[in-house]
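[1] Quick one, structure for this:
(one chain, ligands or ions: 2)
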Amino acid sequence: MNAIEIRDLVKDYGSFRAVKGISFEVREGEVFGLIGPNGAGKTTTLRIIATLLRVTSGTVNVLGKDLRAEPQEVRKILSYLPEDAGAYKNLTGMEYLEFIANFFATGAKADAIVKKGVDIAALADRIDDKVDTYSKGMTRRLLVARALMTDPKLAILDELTSGLDVINAQEIRRMVKDISTRGMTVLLSSHNMLEVELMCDRIALIDDGRIVELGTPEELKAKYGASNIEEVFTRAVKA
Ligand SMILES: Nc1ncnc2c1ncn2[C@@H]1O[C@H](COP(=O)(O)OP(=O)(O)O)[C@@H](O)[C@H]1O
Ligand SMILES: [Mg+2]
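    Numbering: from 1, shown residues only. Ligands and ions are numbered 1, 2, ... in the order given. Take a look at the predicted model:
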């Protein structure tokens, strides 16, 4: 089964068409990357799948459920990490994970969720410090842990490592890749072409609200005789 099926998706903001009829599928268990420059329509597409924005036209199916017919059901099986998410600064990392876990479960089940979150965040003793003492990288790790600790069937991660240094970005990539091997489907966006090449089973190149190419990094590089995805993108957009 496909985790996500999108057909002819269009999204208008007033008279401005941000997404101009895109179609793609994400297979179950796959790490799929939506890649393109700022303003291409990545966040808009992810927010639609996360049920936070209304579709203008087209269909979106998530694990066999129609997004417009059953938004509540779709919401239950996915987890969404916004690109500009923040955590509550006055809580410790641990308290923040506990606070979130309590929306999903109680008692021992909530404890198990928190434990998983602590493992994913990998902040060691700093998990007991207040979030406002965290670096950007530590906060992002906590937020990624928050998004993944509940074992969502589908994780939607917008600009997974935006604003992070190389080491923090690497750790977050490794963490997400690791968890995805346990059967979770991941849809992520990035404007970092190296990142998607490292992480994704398949990628869609998006530019100006349209998908210009889609395939495995290897397929795309072979098709354009390119040595990396940045080159593929440049050639695909010019074509
Ligand atoms: N709420 C909004 N109202 C009007 N235009 C918007 C809104 N959100 C995004 N846009 C526009 O839609 C286009 C796609 O934006 P976005 O989906 O955020 O792209 P990306 O995530 O790829 O950078 C951009 O031109 C952006 O300015
Ligand atoms: Mg964006």
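[2] Sort out which residues of the strand or helix carrying residue 10 are buried, please.
    Assessed by DSSP states H and E, residue 10 sits inside strand 2-13. Within strand 2-13, the residues scored as buried using 16 or more other CB atoms under 10 Å are 2-6, 9, 11. No exception for glycine: its C-beta is placed from N, CA and C like everyone else's.
[3] Can you show me the CA trace of that strand as CSV?
    The C-alpha trace of strand 2-13 is given here as CSV (Å, rounded to 0.1, in the frame of the first residue of the first chain):
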residue,chain,number,x,y,z
ASN,A,2,1.1,3.6,-0.5
ALA,A,3,1.4,5.7,2.6
ILE,A,4,0.4,8.8,0.6
GLU,A,5,-1.2,9.3,-2.8
ILE,A,6,-1.6,12.8,-4.1
ARG,A,7,-3.4,13.6,-7.4
ASP,A,8,-3.5,16.9,-9.2
LEU,A,9,-3.1,18.9,-6.0
VAL,A,10,-3.7,22.6,-6.3
LYS,A,11,-3.5,25.2,-3.6
ASP,A,12,-4.4,28.9,-4.0
TYR,A,13,-3.7,31.6,-1.5
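[4] anything in that strand near ligand 1?
    Yes - for strand 2-13, a contact with ligand 1 is found by CB under 6 Å from any ligand atom, at residue 13.
[5] What about the residue of the chain found nearest ligand 2, how many residues nearby?
    Residue nearest to ligand 2 within the chain (CB to the ion): residue 43, separated by 3.2 Å. Residue neighbour count, defined by other CB atoms under 10 Å, stands at 19 for residue 43.
[6] what's near enough to touch the residue nearest the centre of the chain?
    With distances taken as CA atoms, centre = their mean, residue 157 lies nearest the centre of the chain, 1.7 Å away. By CB atoms under 8 Å, 6 or more residues apart in numbering, the contact set of residue 157 is 81, 144, 147, 176, 186-189.
[7] now it, which residues is it bridged with?
    Judged by DSSP bridges, the bridge partners of residue 157 are residue 81, residue 188.
[8] where along the chain do the helices fall?
    Applying DSSP state H to the chain gives helices spanning 42-49, 71-77, 93-104, 107-121, 136-148, 166-180, 193-199, 217-224, 229-238.
[9] of those, which approaches residue 36 most closely?
    Taking CB to CB, helix 42-49 is the member of the helices of the chain nearest to residue 36, at 6.0 Å.
[10] Let me know the average pLDDT across the closest one.
    Regarding helix 42-49, the rounded mean pLDDT is 97.
[11] Tell me the gap between it and the middle of its chain.
    How far helix 42-49 lies from its chain's middle: 10 Å, per CA atoms, centre = their mean, to the nearest Å.
[12] Let's see it as PDB, backbone CA atoms only.
    C-alpha atoms of helix 42-49 as PDB (Å, rounded to 0.1, in the frame of the first residue of the first chain):
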ATOM      1  CA  LYS A  42       7.100  22.500   0.000                       C
ATOM      2  CA  THR A  43       5.700  23.700   3.200                       C
ATOM      3  CA  THR A  44       2.300  24.300   1.600                       C
ATOM      4  CA  THR A  45       2.200  20.700   0.400                       C
ATOM      5  CA  LEU A  46       3.300  19.300   3.800                       C
ATOM      6  CA  ARG A  47       0.800  21.400   5.700                       C
ATOM      7  CA  ILE A  48      -2.000  20.200   3.400                       C
ATOM      8  CA  ILE A  49      -1.100  16.500   4.100                       C
END
